[in-house]
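# predicted model, plus sequence, below.
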Amino acid sequence: MKKIFYAVTLLQILSLTAASQVTKIWEARMNGTYNGTDRIASMQLDANGNIISSSNSYNSLFYPDIITTKYNSAGILVWSAVYGAPGTSYEGVYSMKIDISGNVIIVGSKGGTFGTDILVLKYNSSGILQWSDSLNGPANNNDLAIDVVADDAGNIYVLGYSYVTSTNQDIVLMKYNASGDKLWVKYIDGGFSLNDRGSKISIAPNNSIAISGYSYTSISSFGVIVISTDTSGSLLWQYYNAGYCNITSMKLDNTGNIFVGGDKGSSVTASDYFILKVNSSGSFQWLNTYSTSVSGTERIQSMEVDSSGSIFATGYTYTASASFDITTLKYNSSGILQWLQSYNGVENNFDQGQDMDIDEFGNVFVTGISYESSTSYDVLTLRYNSSGVQQWVERYNGPAGTFDSGEKIKCLLDGSIVVGGRTTGIGTSEDITHIKYSDGSLPVTLSEFTGVINGRNITLNWQTSGEINNAGFDVQRQIIKENVSGNWENIAYVHGNGTTNQPVNYTFEDKNLNSGKYKYRLKQTDYNGNYEYFSLNDPGEIVIGNPGKYELSQNYPNPSNPKTKINFSVPFDSKISIKVYDMLGREAAVLLDGFVKAGYNSVEFDGSNLASGVYFYKIESVDFIETKKMILVK
């Protein structure tokens, strides 16, 4: 049996910078299956702010297993899953996405008879493997899935490459439905009858499939290829741009323009930043390159696009001292450079940007690796504001003080960020590591958040293990009807305790709920207006079931002016009438007359058109009648 050892350290470490402050909220480390090298391949956030990562965990023969983990926003491991045969075969992940239902889709490769086969895995939101599939291409050679995307119906599109002859690769595109049925496989030739490889895939606003990759025009020359297909895999258009390239990122704006980035040049050792823009019809818009004056490999590692169509990129550029700087830049939608910043570390040495994200205000967050002689290679995280001004720099030196690298970064809605990477432990080689930062004084550590059902009431309980500048919590509720989630609504506000290092318990009771499914979250806000969301502990939703008997409750408010709510309970599906009568027994209103499903229910009485006074309301079914009095005051 494989064992995964993990530890979560909740730390409150305050680091001051010239422009603002950054707070390290928590750190979570995991040593993989073989106590060897573990590397995050992909990190995503689900709709509730949970952090899902898929990583390769290598043994001494450099055969990996796939480890997938889910942490909640407090840094607590919710689940972990391992896929692979113990130490005897190759199972590797290249990309991972989360679909609209929170399922985790992983693609990569696994050892085949004469090479590697494409591998596709699907886990549900609880970490249970739903299905797996593989593809051995026509030539029974090395086949690899590079990227994946899922549409709103749960269909899955997998991109990679496959040998179609013993010497020729084609782009391979596959479609699965949500149940894991392989609907079709397409082999796409770039047009030159030589090697073609898919790199990135996305779904465009018009639901077409956007693909980027590269295509060889000769044994030693290849360029960027951009392809659009419909949902059946039929080619809509294809664009080619010549020149040596390595594609690391592709982004689409909200009108379907496609941005492709990486490095491009004359050879593998002389390449520059490049960003190519193609519109939704496949027409060339612009291509920009950037390099320093020193010849060498200069590469964009990650890109993001904002709502205005501006494109951000980060990576590394070559320096005169034969080392690298982290270079981050922004172009507007027309390809005009807005700003460019380079970060040269504390010793003019090795600095590389690996990933980036932008928040809703246009602030830019970059993570990567930076060398300093006293701590060796550190996880480096940077923040720039929307104008490109550096706000803060944060370095993380792992337990062993040797090799540490930031490789993935995501912005949460509350303004905090999560960095994923690999850091060297003491006696544990390179471990999977997640670090959560806040660049304000957010800083409530929530140790638990649970809900308890009592009839048609739900009691919410949460505990903080420490608070900094905590003004309080908005309690928010989401109702799920027929598996469709409604909007979040504020239902209460609970005052916080400012700053304390002692545990604090909070509670709130949500009363008189109808039968159904409910989700809850807390919006914690500090005195400066910064906020952070905390979701209910897994399973994340609470179900109010059916009552055991008929019941009619006293209306509330009573007296009413002029509206009031009447709750009632139905133990099984029944025909129900609820009517209002005046003091003389005359019918004044019909609130309900029809078939009602079993459950806790409610109706509203509006007395706007009635005179003030005493009224009676009566519920009646086949085997139950009850009457109560209410007062209308206007």
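Received the coordinates, thanks.
# low-scoring stretches of this protein, by residue?
For the chain, the stretches flagged by pLDDT under 70 are 1-21, 86-88, 112-114, 219-220, 266-269, 320-322, 414, 439-443.
# to the chain's geometric centre, what's the distance from stretch 179-197?
In terms of Cα atoms, centre = their mean, to the nearest Å, the centre of stretch 179-197 is found 28 Å from the chain centre.
# what are the buried residues along it?
185, 187-190, 192, 194-197 (16 or more other Cβ atoms under 10 Å). (Glycine included, C-beta is placed from N, CA and C.)
# could you do stretch 234-247 as well?
236, 238-241, 243-247.
# now flag whichever of those residues is closest to Y615.
L236 (65.6 Å; Cβ to Cβ).
# related to what we said a few turns ago, going by distance to I211, which of the buried residues of stretch 179-197 wins?
I188 (7.9 Å).
# can you name the residues bridging to that closest one?
Beta bridges link I188 to I171 when assigned by DSSP bridges.
# neighbouring contacts of the strand or helix carrying V185?
Using DSSP states H and E, V185 maps to strand 182-188. Applying Cβ atoms under 8 Å, 6 or more residues apart in numbering, the external contacts of strand 182-188 come out as 133, 135, 138, 155, 162, 164, 170-177, 196, 198, 211, 227, 229, 232-233, 235.
# widest-spaced pair of the buried residues of stretch 234-247?
Spatially, the most separated pair among the buried residues of stretch 234-247 is L236 and Y244, at 26.9 Å (Cβ to Cβ).
# neighbouring contacts of the helix or strand T248 falls within?
Taking DSSP H and E as the definition, T248 sits inside strand 244-252. Applying Cβ under 8 Å, 6+ apart, the contact partners of strand 244-252 are 199-202, 204-205, 210, 212-214, 221-224, 258-268, 271, 274, 299-305, 311, 313, 315.
# let me know the secondary structure of the residue nearest to Y161 when sequence neighbours are not counted.
Closest residue to Y161 apart from its sequence neighbours, by Cβ to Cβ, 6 or more residues apart in numbering: R197 at 4.2 Å. Using DSSP: H, G, I helix; E, B strand; the rest coil, the structure places R197 in strand.
# need the buried residues of stretch 234-247 in JSON lines with distance to I146, can you?
Output for these, formatted as JSON lines (distance: Cβ to Cβ, whole Å):
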{"residue": "L236", "distance to I146": "21"}
{"residue": "Q238", "distance to I146": "18"}
{"residue": "Y239", "distance to I146": "19"}
{"residue": "Y240", "distance to I146": "19"}
{"residue": "N241", "distance to I146": "19"}
{"residue": "G243", "distance to I146": "21"}
{"residue": "Y244", "distance to I146": "19"}
{"residue": "C245", "distance to I146": "15"}
{"residue": "N246", "distance to I146": "13"}
{"residue": "I247", "distance to I146": "10"}
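# which one of those is nearest to Y94?
I247 (13.3 Å).
# show me what that closest one is bridged to.
With DSSP bridges as the criterion, I247 is bridged to G262.
# returning to what we had before: quick one: which two of the buried residues of stretch 179-197 are the most distant?
V185 and F192 (21.6 Å).
# so what's the residue count around the nearest residue to Y331 once chain neighbours are set aside?
In this structure, Y331 finds its nearest non-sequential neighbour in I311, 5.1 Å apart by Cβ to Cβ, 6+ apart. Neighbourhood size, I311 [other Cβ atoms under 10 Å]: 24.
# so how far is I409 from I311?
17 Å (Cβ to Cβ, to the nearest Å).
# same question for Y506.
The gap separating Y506 from I409 is 31 Å, by Cβ to Cβ.
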